[in-house]
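Enquirer: Just need the structure, nothing else, for what follows:
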Amino acid sequence: MQTVKMVVTGPFNAGKTEFIQTVSEIDVVSTERKISSEAERVKEATTVAMDFGRITVDDSLVLYLFGTPGQKRFDFMWEILSEGMLGFIVMVDSTRPETFREARSILETFRAYAPTPYIVSANKQDLPDAWEVEDMRIALRLDPDVKLMPCVSVDKESVKENLLVLLTEILTELESGD
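Expert: All right, here's what the predicted structure looks like:
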């Protein structure tokens, strides 16, 4: 049985917890806590340490998904969660361009932790004010070879498609022996 550790990261309220909850076959281990700050009342709770979910792909492959906290004050968890990861997803809220710079910074941070395959997920593509994926590529300053995937973190097929793209990248790298 091969296990693949993937990390799902990104800014606050990008959809990381929902992404993992949508596809995990186990109850997600979540460290969400109620938000006390009025400035962050966009949602009721925030991840303070991690989310953990699992997906069995087939008899020989299991994915372990680790979601990071999105708030800077919990970023000490990022390096811990990145240990042993074979790939990562940077989740970006397509409706909040004010978070794009932070998403780019998180991407650079995780690339520095480990030179593993990664994709960027343009989440909330189902919402009317979502940016077009290619416009996001320009705003995020992503190279043309970086996989930028549309995503709706509450849609199981969308989440599975994003995970499959990252898994393919990981398996290709493992087979090439890099």
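
Enquirer: List the buried residues for the top helix by length along the chain?
Expert: Identified as the longest helix of the chain according to DSSP state H is helix 156-176. Within helix 156-176, the residues that count as buried by 16 or more other CB atoms under 10 Å are 158, 159, 162, 163, 165, 166, 167, 169, 170, 171. All C-beta atoms are positioned from the backbone trio N, CA, C, and that covers glycine.

Enquirer: what's the answer for stretch 60-79, then?
Expert: So for stretch 60-79, counting by 16+ other CB under 10 Å, buried means 62-71, 74, 77-78.

Enquirer: From residue 157, how far out is residue 9?
Expert: From residue 9 across to residue 157, the span is 22 Å (CB to CB, to the nearest Å).

Enquirer: surely residue 88 meets residue 115?
Expert: No - in this structure residue 88 lies outside contact range of residue 115 using CB atoms under 8 Å: 11.1 Å.

Enquirer: out of these two, which sits in the busier spot?
Expert: Neighbour count, other CB atoms under 10 Å: between residue 88 and residue 115, residue 88 has more, with 29 against 9.

Enquirer: average pLDDT across the longest helix of the chain?
Expert: The average pLDDT within helix 156-176 is 95.

Enquirer: And the contacts of that helix?
Expert: 4, 6, 19, 22-23, 55, 57, 63, 65, 86-89, 116-119, 121, 125, 147, 149-153 (CB atoms under 8 Å, 6 or more residues apart in numbering).
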